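# Return a 3D structure for these sequence lines:
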Amino acid sequence: LGLPKLGLYLLPGARYAGEVHVADISIPRGVVEEAGIKRRLLTGELVASWFAPRDVEAHKGHFGRVLVVGGSRGMIGAACLAAHAALRAGAGLVYLAVPEGVQPVAAAKLDEVITVPLPETAGGALSRRALTVLEGHLGRADVVALGPGLGTHEETVALVRELVREVACPLVVDADGLNALAGAVEMVLTRQAPTVLTPHPGEMARLLGCGTAEVQADRLAVAERAAASWNAVVLLKGACTIVAGPDGRTYLNPTGNPGMATAGSGDVLTGIIAAFMAQDLAPLEAAAAGAFVHGRAGDLAAAEKGQPSLVAGDITAALPRALLEVFPNPAE
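Purely as a prediction, here's the structure:
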């Protein structure tokens, strides 16, 4: 009654809630606004309100440049998924920086993405020497997405930490980028530009130095405390993804389904968030909008293919339909 309630969207209550309808019982809008409530449920209308219409004279430079840094021998697919999703989510230009040994594979998979070969280790992971090459590209990027498919070689870990310190533009860190920060996550406090961290519960546990069960026991409080402590946007994945900002605002995402618990799904989300940030959304809103649209695309894909058969590429393929729901085609 009046407003959605946390217990209907967070487990265990969400298991028993069914379809939720919020009934208007004539609580004045001013009363709600004066209450200073900082937790909000994401809706299509709210997400749409964060985006400005595209100007008829716009060109690709108006919609941002995303640089995805990721990949390694055997895990190039993760980086490609992130880059492709960034394009589908509206970024004007996407660059994909990967180890030189797998760069031809990435270039063959992605027609519209500009690929950048980087120095690699003997095992095919990114070498610390890659920083010298990357420095020439970082200045052109509006957003950097760091982590998909990187692996955990010690040189790669060192490179990730150097990039967290060096990158002057907004940064989205996921997957092995987060694993590289385990034990040193406080370094994000030294960054001048915004940082978005997108851990699943296991990665969050490693960042906090605790058990996954402890994270899952109170997901909302854990995400909010981490965002405040690290001065970063924290997106804690899972059933009802939580997106917490360092200013105390939090969004809960109702979209998505268990079929999205599949390899590469998080990489798609990383690309979407980076693309939204490149299109001038504030970091918290970009992460929240990314979670909502990603989940809606997963719902549309599951309705067509079924949850057990869902793969990450299906989510990217459904992105246009999800985006059309949120942003109807002005020509129609």
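# alpha carbons only for contacts and neighbour counts from here, please
Noted.
# Could you measure from the nearest residue to Pro283 once chain neighbours are set aside over to Gly92?
Distances taken as C-alpha to C-alpha, 6 or more residues apart in numbering put Met277 closest to Pro283, at 6.2 Å, once the chain neighbours are dropped. Relative to Gly92, Met277 is positioned 12 Å away (C-alpha to C-alpha, to the nearest Å).
# Between these two, tell me which one has more neighbours.
Met277 (28 against 19; other C-alpha atoms under 10 Å).
# worst-scoring helix or strand of this structure, pLDDT-wise?
Within the chain, confidence by mean pLDDT, DSSP states H and E is lowest for helix 29-34 among all helices and strands, at a mean of 86.
# That helix packs against which elements?
Counting contacts by 3 or more C-alpha pairs under 8 Å, 6 or more residues apart in numbering; DSSP states H and E, helix 29-34 is packed against no other helix or strand.
# What values do phi and psi take at the residue nearest to Pro283?
When read as degrees, to the nearest 10, the backbone of Met277 gives phi -70, psi -40.
# How many residues are close by Glu36?
One correction, residue 36 is Gly, not Glu. 8.
# Before we go further, it is sitting in a helix, right?
No - counting by DSSP: H, G, I helix; E, B strand; the rest coil, Gly36 is not found in a helix; it is coil.
# So what's the predicted local confidence for it?
Listed pLDDT for Gly36 reads 86.
# Please enumerate the strands of the stretch 1-150 of the chain.
Assigned by DSSP state E, counting those that start in this stretch, the stretch 1-150 of the chain shows strands spanning 39-41, 65-69, 93-99, 114-118, 143-146.
# Sheet partners, orientation included, of the second one?
Take DSSP bridges as the rule and strand 65-69 pairs in its sheet with strand 93-99 (parallel), strand 143-146 (parallel).
# now it: how far from the chain's centre is it?
How far strand 65-69 lies from its chain's middle: 13 Å, per C-alpha atoms, centre = their mean, to the nearest Å.
# Same question for the first one.
Computed by C-alpha atoms, centre = their mean, the chain-centroid distance of strand 39-41 equals 18 Å.
# Show me what that strand is packed against.
strand 250-252.
# Ala97 versus Ile242, what's the distance?
The value you get for Ile242 to Ala97, if C-alpha to C-alpha is used, is 29 Å.
# and the end-to-end length of stretch 178-195?
OK, stretch 178-195 end separation, C-alpha to C-alpha: 12 Å.
# Name the residues of it that come out as buried.
Residues of stretch 178-195 classed as buried by neighbour count (16 or more other C-alpha atoms under 10 Å): 178-182, 185, 188, 191, 194-195.
# Let me see the residues that make contact with that stretch.
Defining contact as C-alpha atoms under 8 Å, 6 or more residues apart in numbering, one finds that stretch 178-195 is touched by 147, 152, 157-158, 160-161, 164-165, 168-173, 197, 199, 203, 206-209, 230-233, 283.
# If we use 6 Å, what do you get?
157, 168-171, 206-207, 230, 232 (C-alpha atoms under 6 Å, 6 or more residues apart in numbering).
# Among the residues you listed, which are located in helices?
157, 206-207, 230 (DSSP state H).
# ok, those vs Pro258, which is closest?
Arg206 (23.1 Å; C-alpha to C-alpha).
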